Structures are given as C-alpha cells and as structure tokens.
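Chemist: the following comprises the amino acid sequence and a computationally predicted model.
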Amino acid sequence: MGTLGAILSTGKQALLAQQTALQVTGQNIANVNTPGYSREHPEFVSTPTSITTALRSGVTVDEVARAYDRFVTTQINVASSNLQSTQTQADLLGQVESLFNDLSTPEAGISGALHTLFNDFHNLAQNPQGLAERNILVQQGKTVAAAFQQLTNGLQAVRQQSNEALGDAVSSVNSLTKQIAALNGQIQQREVDPKNPANTLRDQQDVLLKQLSEKVNITSFTTNSGQLTVLLGGGRPLLEGTQSSTLTTTVDPDDPQRLLVGLQDPQGNSTDVTASIQSGNIHGLLEARDTILPRLSTSLDRLAAQLTTINQTHSAGYGLDGTTGKDFFVPRQVTGQALAANTGGGTLQSASVSDPTQLTLDDYRLTFANSGPPPTFDIVNATTGATVAAGQNYTAGATVHFAGLAITLADNGTPPQPGDTFLLSTTRDAAKNLAVDPALLTDPRQIAAAQTPPPGDNVNALALAQLQDAQVIDGSTFAASYQTLVVSVGAESQQASQLADQQHTALTGLENRRESLSGVSLDEEQVNLIRFQQAYNAAAQFIHIADQLGQTVLDLIR
C-alpha cells in the first residue's frame, strides 16, 4: 500500500513532468518562425513499481524528442540538389539567350550583318568597277567579323563567369562541411546521455546539410555513435565524424579555361571528382561550362569557318588592278595539341592547310596504337567517330596528309607511346579569328568582281552574291544555319526554365510535407498548453490534498 511519502513523491513527479511539458510547449511556440526547427514533444513514461508495492510511483519525462522524418528530409535534400542544378543552367542560358538577340533585333546581330554583306556583293555586281561599292564591302566584312567576335566573346565571358562561380561554390562547400563536422563533435559531447538528445544542434545540422545538398549531390547517414557521415556523389567521404575533406579546383592541363574539381582527404590525398558531381549548383555550372557553352561555341565556330569558303569563289576572280587569287577573309588555320597525359616524347611539329577545298568542319584525333618499331597510329574523325586511317607508320619529321591537312610529327628522342593522342581542328576559335584579309583593307580594288581579265564584268560578284542562297553548311544556308542556332538557344533556355519550375513545385510539396510533420502548429500548441496546464494544476491540487492528509495524521497524534 502507498504511504504519505509515496503519495507526495507521486505528486511531485507529476508536477515536474507537466512543468517540463509546459517548457517544451513554450519552446515550440517561441520557435514557430525559426527556419529548420523541428517541433519537440515530451515522452511521458510511468515510473516502475517497487518490489515492496504493487502501486506505480508516478510519471517522468523520459525524453524530449523532436518530430523528425529522415526519409522526408533526404527527399528534400535530393530535390533541392536537382533544383539548384537546373536553375543554375536556366540562369546561365538566360544570359546566353540575351546574347543571341537576332530574333528581336536582327539588324544588330549576325543575321543582319550577313544579309547586308551578300546585298553588298549584289550591289557590286550592279557596278562591277565601282570603288565605293568595294569600300562598303570591306567595311561590311569587318562588321560581320565583329559580330562573330562579339558573340563568341560573350559566350567566353559566361564560361569565365561559370569558373568564378565554381570557385565560390567550392569554398562554400568547404565552409559547410567544416561547420557540420564541428556540430558532430558538439553533438557527441552533448549526447553522452542518450536520453538527452541535442535537438537544437541536430536541427542546425539538418539546415547545413540542406545548404550543402544545394551545392553538390550527397548522401548522408548517422553512425551508431550518433554522428553524421556525408558522402559525395560516387561514394567518397566528404566528412566523417569531426574530420572533413576539402574540395579544390585545379586547371585542366588540356584546357586552361576549364577548372577541375578535386577532393582532398584529411591525409592530403587528392582525387578528381568532377565527373562524380551529378546535381547541385556545382553540377549546373559544370554542365553549362563543359556541355552547353562549348556546343554553342562549336556551332558558331563552324559557321565562321564555313564562311571562309567565300575565299574559294573570291580568289577565282579578278580585281580592278588585275590581281587574282586573293582571299576575302583570312584563311582558316589549323590548331593542334598534344594531350597532357601523353607519356612519349612526341610533338606536333607543324599543322597547316594543304588543300582548302578538301577541308571539313570536323575535328580529328590522332592516337598511337603501339610502340613498334615502327610506332603506328590511327586517325579518327572526332566529330563523327569514323576512322580516317588506321595503322599508319610513324616516322619522325614525316608529313601526313588527310582531309586537306598536312600534319608533321616529331619527337625529342623518345618516340610516341601507345595511347598518346594529338587533337586537330580547323574550326576552333574560328569565330574569334574571323577577319577581312589585310590585303583588301589596304587596297579594296583587289576585291574580285570580274571572272576574266581585263576587269569589268560582274560574273564573280554575282557568284559571290549567290552564295547567300547556297546550302553550304550541313545542308543549310549561312542564314538558316545561324537561325537554327538562335532558335535552339531559345528552346533550350525555355526547357530549362520549365524544368526548374517543375522541380520547384516538387520541392515545395516535400517542404510542406515536412512542415506538417515537424513544423510548429500554434493551434496544436495552444491545446497542449491548456492540457499540460490543467495537468499541472491537478498535480498541485493532488499535493495539496496529500499535505492535508498529513496534517490530519499529525492532528491525531497530538
């Protein structure tokens, strides 16, 4: 049976338990607008019976738990990561779209410049001996070149901006991982007693984890010791316990304008993880910089390179001064490079155009297959994947001819090794380098309008004007090819924006679900406030009655 002391103890425990519950309710109400706060609730447990009595001895708050669903939180982090990737691409594409303004102001862009250029060739055909028409053509040629240069410089600026933003995002990731690792240490110290969870610290950790997922794709889990482990995409540890790895940026040895993302562990070992990043703001920057922008630049370079085919028609005619064989634009140049991963001593001694009429708009890859002797190499069209030549014998200083190119390889005494690769292109930077031939700038009389000497007829000028309607690039005219590029930019930008909107809607739904599970409802807390207050008052009344019973016993003794 219970004693007066046991009755008072039961009342005291009830009073303290309800007081704790009121404290928890007040904490919830105070944090109703705190971002990332998870609602807390007291876990009441009836205290066990003693071995001397069958009666229970009251109540206690076993734990103050937070309303939390790790599955929903993980879904939110994944959705946030996907949204940031798409939104970043949409934002950058919006900038690119503003560069391609030909649909709204065609006279200010490449379309208008090309249209005027071919009209000026037609005007020259109307007056084949006119010097004024030739001066206008030279100036319009410079305008066309400037339009291409302005656009390619704009694309390059967006790419550079992506690199700068990448560096900022990497710094942000490192700051977040350090903060999460520090919280791991604090949580470990606070949760020595498993019945006393560090709810506030874990809420802060979840907020930081969401911010981290917005930067890069991650997975996370809590170890048996209660600490959070975070893995970067691909499964490499980003932080374990209180130890965090560091993201770094390094210049790509094969492309100085491209930054690679590395992961350096606490022991100082570094790994290239660029390809492992598949979502988040960093992925959006990488995707725009390495896929979207290069594709647009390549299309623009191909158009600029093909525009130099005007030279073939122009060089066949005669100028006012009787000269012939003159180019209108500066001829295409060959660019080549040896990959940084090459292990042999091979070098690209020279690369030039041997026959402009055989040039394509494709890039080529020359790769050594074995070390010989003699070493052999294969030539592959890097654009189409087709093999141009296989098993070619290598001789230092010998020139190889293919696709209108003349390529000479040499070495420093050590021949190229298997896997060594050389890249070749006649379109790279073509838009940036497009320019009117300097000879025409000096003497516009050399613009060739006539087909035969002595000058006077307009046959060649008409042929130049008719190139406006020739299907000279991928089955399209110059203007149609450029308009296709403009339309594709607009369509891709719109698609990215729509996808970002869809992902934002999905994220909002998940956040609303989390709010319903973990968020504070003032209506619910007011009900709890009344409930715990009534229980507190009842416990106090219970203690008051027990006190009166004790006084009754004391009065009997007296």
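Modeler: Noted; the coordinates are in hand.
Chemist: does E492 count as helix, strand or coil?
Modeler: Three-state assignment for E492 (DSSP: H, G, I helix; E, B strand; the rest coil): helix.
Chemist: strands of the stretch 1-150 of the chain, start to end?
Modeler: Using DSSP state E, counting those that start in this stretch, the strands found in the stretch 1-150 of the chain span residues 40-46, 59-66.
Chemist: these two touch, right, H504 and L83?
Modeler: Yes - taking C-beta atoms under 8 Å as the definition, H504 is a contact partner of L83 at 5.8 Å. To be clear about C-beta, it is placed using only N, CA and C from the backbone, and glycine gets the same treatment.
Chemist: look at these two and report which has more neighbours.
Modeler: Between H504 and L83, L83 has the larger neighbour count (other C-beta atoms under 10 Å), namely 25 against 14.
Chemist: got any ranges where the stretch 451-558 of the chain has weak pLDDT?
Modeler: Within the stretch 451-558 of the chain, the ranges that satisfy pLDDT under 70 run 558.
Chemist: so A157 is in which element?
Modeler: Per DSSP states H and E: A157 is located in helix 131-190.
Chemist: now stretch 137-148: buried residues?
Modeler: The neighbour-count check on stretch 137-148 (16 or more other C-beta atoms under 10 Å) flags 137-138, 140-145, 147-148 as buried.
Chemist: mind checking the end-to-end distance for stretch 395-410?
Modeler: 8 Å (C-alpha to C-alpha, to the nearest Å).
Chemist: same check on stretch 325-342?
Modeler: By C-alpha to C-alpha, one end of stretch 325-342 lies 41 Å from the other end.
Chemist: where does this structure dip in pLDDT?
Modeler: In the chain, residues with pLDDT under 70: 1-2, 49-57, 102-108, 558.
Chemist: residues contacting I282?
Modeler: 166, 169-170, 173, 215-216, 261 (C-beta atoms under 8 Å, 6 or more residues apart in numbering).
Chemist: ok, now with 10 Å
Modeler: Listed by C-beta atoms under 10 Å, 6 or more residues apart in numbering, the contact set of I282 reads 81, 84-85, 88, 165-166, 169-170, 172-173, 214-217, 233, 247, 261, 274.
Chemist: circling back to that earlier point, which one of the strands of the stretch 1-150 of the chain lies nearest to I557?
Modeler: When the strands of the stretch 1-150 of the chain are compared by C-beta to C-beta, strand 59-66 sits nearest I557, at 31.5 Å.
Chemist: helices and strands around the closest one, which ones?
Modeler: With contacts taken as 3 or more C-beta pairs under 10 Å, 6 or more residues apart in numbering; DSSP states H and E, strand 59-66 sits against helix 4-30, strand 40-46, helix 199-215.
Chemist: nearest approach to A431 belongs to which of those?
Modeler: A431 lies closest, by C-beta to C-beta, to one member of the helices and strands packed on strand 59-66: helix 199-215, at 33.1 Å.
Chemist: that closest one relative to strand 59-66, how many degrees between them?
Modeler: Interaxial angle, helix 199-215 versus strand 59-66 (axes from the mean of the first three to the mean of the last three C-alpha atoms, to 10 degrees): 20 degrees.
Chemist: who touches the following helix or strand past helix 199-215?
Modeler: Sequence-wise, the next helix or strand downstream of helix 199-215 (DSSP H and E) is strand 218-222. With contact meaning C-beta under 10 Å, 6+ apart, strand 218-222 is reached by 70, 73-74, 77-78, 81, 173, 177, 180, 184, 187, 202, 205-206, 209, 212-213, 227-235, 238-239, 279-280.
Chemist: pull out the buried residues from those.
Modeler: 73-74, 77-78, 81, 173, 177, 180, 184, 187, 202, 205-206, 209, 212-213, 227-233, 238-239, 279-280.
Chemist: what's the neighbour count on the closest residue to V489 other than its chain neighbours?
Modeler: Nearest residue to V489, sequence neighbours excluded (C-beta to C-beta, 6 or more residues apart in numbering): F100, at 4.9 Å. Using other C-beta under 10 Å, F100 has 25 neighbouring residues.
Chemist: show me what the longest strand seen in the chain is packed against.
Modeler: With secondary structure taken from DSSP state E, the chain has its longest strand at strand 255-264. Counting by 3+ C-beta pairs under 10 Å, 6+ apart, the packing neighbours recorded for strand 255-264 are helix 131-190, strand 236-240, strand 246-252, strand 270-272, helix 280-287.
Chemist: buried stuff in it?
Modeler: By 16+ other C-beta under 10 Å, the buried positions in strand 255-264 come out as 258-263.
Chemist: which one of those sits closest to L510?
Modeler: Nearest to L510 among the buried residues of strand 255-264 is V261, at 27.5 Å by C-beta to C-beta.
Chemist: nearest residue to that closest one in space, please, no chain neighbours.
Modeler: Using C-beta to C-beta, 6+ apart, the nearest residue to V261 is T274, at 4.7 Å.
Chemist: same check on S299?
Modeler: S299 sits nearest to L485 (C-beta to C-beta, 6+ apart), 5.0 Å away.
Chemist: OK, contacts around the one you found?
Modeler: Contacts for L485 (C-beta under 10 Å, 6+ apart) come out as 100, 102, 110, 151, 295-296, 299-300, 302-303.
Chemist: try it again at 8 Å.
Modeler: Neighbour list for L485: 100, 296, 299-300, 303 [criterion: C-beta under 8 Å, 6+ apart].
Chemist: got it, and I180?
Modeler: Residues in contact with I180 (C-beta under 8 Å, 6+ apart) are 205, 208-209, 212, 228, 230, 239, 244.
Chemist: in CSV, list these along with distance to V64.
Modeler: What follows is the contacts of I180, written out as CSV (distance: C-beta to C-beta, whole Å):
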residue, distance to V64
Q205, 17
L208, 22
L209, 22
L212, 27
L228, 20
V230, 26
L239, 27
S244, 29
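Chemist: about what we covered before: next, the angle strand 59-66 makes with the one helix or strand the residue nearest to S299 maps to.
Modeler: Assigned by DSSP H and E, L485 falls within helix 478-518. Angle of helix 478-518 versus strand 59-66, following the same axes, to 10 degrees, is 180 degrees.
Chemist: can you pull the buried residues of the following helix or strand past helix 478-518?
Modeler: Following helix 478-518 in sequence order, the next helix or strand is helix 522-557 (DSSP H and E). For helix 522-557, burial by neighbour count (16+ other C-beta under 10 Å) applies to 525, 528-529, 532, 535-536, 539, 542-543, 546.
Chemist: can you list the helices and strands that helix 522-557 packs against?
Modeler: helix 4-30 (3 or more C-beta pairs under 8 Å, 6 or more residues apart in numbering; DSSP states H and E).
Chemist: what's the angle between the helix it packs on and strand 59-66?
Modeler: Using the same axes, to 10 degrees: helix 4-30 against strand 59-66 is 20 degrees.
Chemist: and the gap between E133 and F121?
Modeler: The spacing between E133 and F121, counted by C-beta to C-beta, to the nearest Å, is 9 Å.
Chemist: out of those two, which sits in the more crowded spot?
Modeler: Neighbours per residue (other C-beta under 10 Å) separate E133 from F121, with F121 holding more: 26 against 21.
Chemist: I'd assumed A461 was in contact with the more buried one.
Modeler: Yes - at 5.8 Å, F121 and A461 qualify as touching, with contact defined as C-beta under 8 Å.
Chemist: give the burial count for the closest residue to L99 other than its chain neighbours, as a bare number.
Modeler: Spatial nearest neighbour of L99, excluding adjacent residues (C-beta to C-beta, 6+ apart): G154 at 4.2 Å. By the other C-beta under 10 Å criterion, the neighbourhood of G154 contains 15 residues.
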